[in-house]
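Provided below are the primary sequence and the corresponding predicted coordinates.
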There are 2 protein chains.
Amino acid sequence: MSQRNTGVTPQVVNAHACPVREVLDRVAGKWSVQILVAAAHGPIRFTELERGIEGISRRMLTLTLRNLERDGLVTRTVHPTVPPKVEYELTPQALELHETLQRLTDWAERNRVYIAEARASYDVAHEPELADA
Amino acid sequence: MSQRNTGVTPQVVNAHACPVREVLDRVAGKWSVQILVAAAHGPIRFTELERGIEGISRRMLTLTLRNLERDGLVTRTVHPTVPPKVEYELTPQALELHETLQRLTDWAERNRVYIAEARASYDVAHEPELADA
DNA sequence: CCGCATCCCTAAGGATACTG
DNA sequence: CAGTATCCTTAGGGATGCGG
C-alpha cells in the first residue's frame, strides 16, 4: 500500500472513475450536509428545517431539498391538510451516508487542532513580505 | 438513534459546531481529493501530478497544493538540483483522511446505481411541462 | 521544471417579493 | 405553511503568458 512511487505512469486519476468526487459533488453544497444531519432523527417539516439550520435561505433550502430528493436521499411527503404540511425524511441510503460522514467528523475532531496549528505556522512563515525599513 | 422527531427545538445545526463541514470545505475543491489520491502512494513530483490528474491546470494544481500544504496535509520538499525538483508527500494526517474518504467511495459505489435510477425517475416524473396542443 | 500574475467567465448562493 | 420567481454579488476555477 505504501510502496514508493515508481515514476512510471503516475496514478492517472480519471475524474469519471473517481466515485469519491461523485459523493462530494452531491454533498459539497453549502447546506446539503446540514440538512442530512437535521433530518437524521426522523421526519421533519420544511419550516423546522428552516429554523433549525442557521442562516439558510428559503430558496436554498428548497433547492437543496429538491436535489437530495432527486438523488433519492430524501422523500417528500405532502399532507393535504390546511394549512399544508410537508415532511422530509431520509431514505435508508441517506442514513448510510450520514453514518459514513460521521467518520469524517471524527477525523475532523481528531485533527482540528493540528490543522489550526499547521495553518497558523504556515501563515507566519509566509507572512506578507514585511516592508523592511 | 432513529427515534421520532419530537418537534421541540428541532436540531439546531450550528455551522460553527459542524466539523463535517470543515472537512468538506477543505476537500470540496474540484481537485483536492484527486491530489490526495494521486499522492497516497508516496512522494510525487509536481509534473507527475500535473500529468496524472486529467484536466487540471497548472494554476489550480499550485493553488490546491498550497492549501493542502497550509493545512498540514502535504509536505513540500525542494531538491535544490538543476533542473529543480519538488516533491509532495502526504502527511500521516492526510493518509488517515484518505482512508476515511475510502469509506465514502465505498458508499458511492454501493449506491451509484440507486442514485442514477432515482435521478432518472425523478426527471421523468418532473418532466418539463410538455406543451399540450 | 516549477510556479506566479493577470484576465475572464460561469455558477453557487444571498436578498427580496409574490402566491396556492 | 411551503414554496416560486427575479435580481445581483461573489468566488471558484479555466486560459494564457512571463520568470527563476
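Happy to help now that I have it.

confidence score at A:Asp132?
Per-residue pLDDT puts A:Asp132 at 47.

And A:Arg110, by the same measure?
pLDDT, A:Arg110: 95.

The helix or strand hosting it close to DNA strand C?
A:Arg110 belongs to helix A:92-125 when assigned by DSSP states H and E. No. Residues of helix A:92-125 are not located near DNA strand C by C-beta under 7 Å from any atom of the strand, the shortest gap being 12.3 Å. To be clear about C-beta, it is placed using only N, CA and C from the backbone, and glycine gets the same treatment.

Run the contact check for stretch A:25-42 versus DNA strand D.
No. Using C-beta under 7 Å from any atom of the strand, stretch A:25-42 never reaches DNA strand D; the gap is at least 8.6 Å.

Please work out the average pLDDT along that stretch.
According to the model, stretch A:25-42 has a mean pLDDT of 94.

Off-centre distance for stretch A:102-110?
With C-alpha atoms, centre = their mean, to the nearest Å as the basis, stretch A:102-110 stands 13 Å off its chain's centre.

for it, which positions count as buried?
Across stretch A:102-110, burial judged by 16 or more other C-beta atoms under 10 Å in any protein chain shown covers A:103-105, A:107-108.

likewise stretch A:51-71?
A:52-53, A:56, A:60-61, A:64-65, A:67-71.

How about stretch A:34-49?
Residues of stretch A:34-49 classed as buried by neighbour count (16+ other C-beta under 10 Å): A:34-46, A:48-49.

Distance of the closest residue to DNA strand C within chain A relative to chain B?
Chain A approaches DNA strand C most closely through A:Lys30 (3.3 Å), counting by C-beta to the nearest atom of the strand. Taking C-beta to the nearest C-beta, to the nearest Å as the measure, A:Lys30 falls 8 Å from chain B.
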